[in-house]
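Q: Sequence and predicted model, in that order:
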Amino acid sequence: MPTMFDASVPTATRALRNLIHVLEKGAAHAEAKKIEPAVLVNSRLYPDMFPLVKQVQIASDIAKGGTGRLAQVEAPKFEDNEKTFAECIDRLKKTVAFVESLGAAQVDGSEGRTVSWTTGAGKTRSMEGMPYLLTHVMPNVFFHCATAYNILRHNGVELGKLDFLGVPKT
């Protein structure tokens, strides 16, 4: 069975690196098709859903906040002021750097520790570490990464499943 570190840090950073790749393809598509990049960055799948930029911000926040809470370390706060592909990619790179700064000794052993956080609705929630990671953090990271992928795919960016999943390291 993987450790808490193995299930969180490498998994979250891989998802974010794959999202960086997806965003790079989105930026290249906008340039090649002479589409104003802001059109794609602000696109959404449905009027009541968040746009691409917010999907990136939430994926970043969940990954850094979730792993930081497991490691009992304060995650960096970002201003949510990204407006371009480059700014979104930079945010994800900073998030990956933070998450990768967490060591196994900080994260392992958190499976039974109570983790508390404030939701977007302002409510405080608490869970034990293992269910927090497996039923809250990772599903949310994947949801927002997948939604960002889907927004770009819906807008004509040539993406495939391997762009989302990435190529496994051998």
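A: That came through fine.
Q: Need the nearest residue in space to the most centrally placed residue in the chain, chain neighbours excluded.
A: Nearest to the geometric centre of the chain sits A59, at 2.7 Å (CA atoms, centre = their mean). Using CB to CB, 6 or more residues apart in numbering and skipping residues adjacent in sequence, the residue nearest A59 is H144, 3.9 Å away. Where you see a C-beta, it was placed from the backbone N, CA and C, and this is true even at glycine.
Q: Does the one you found touch V53 like I think?
A: No. Look at H144 against V53 with CB atoms under 8 Å: they stay out of range, at 11.3 Å.
Q: is it fair to say P2 lies in a helix?
A: No. Using DSSP: H, G, I helix; E, B strand; the rest coil, the secondary structure at P2 is coil, not a helix.
Q: per-residue confidence for it?
A: P2 is assigned 88 on the pLDDT scale.
Q: Helices of the chain, start to end?
A: 4-33, 37-41, 52-71, 85-101, 104-107, 129-132, 138-154, 161-165 (DSSP state H).
Q: Quick one, which of those gets closest to R113.
A: Nearest of these to R113, taken as CB to CB: helix 129-132 at 4.9 Å.
Q: Please spell out which residues along that closest one are buried.
A: Using 16 or more other CB atoms under 10 Å as the burial criterion, the residues of helix 129-132 that qualify are 129-130, 132.
Q: sorry, back to before: so which of the helices of the chain is the most packed in?
A: With neighbours defined as mean count of other CB atoms under 10 Å, those peak in mean count at helix 52-71, which reaches a mean of 24.
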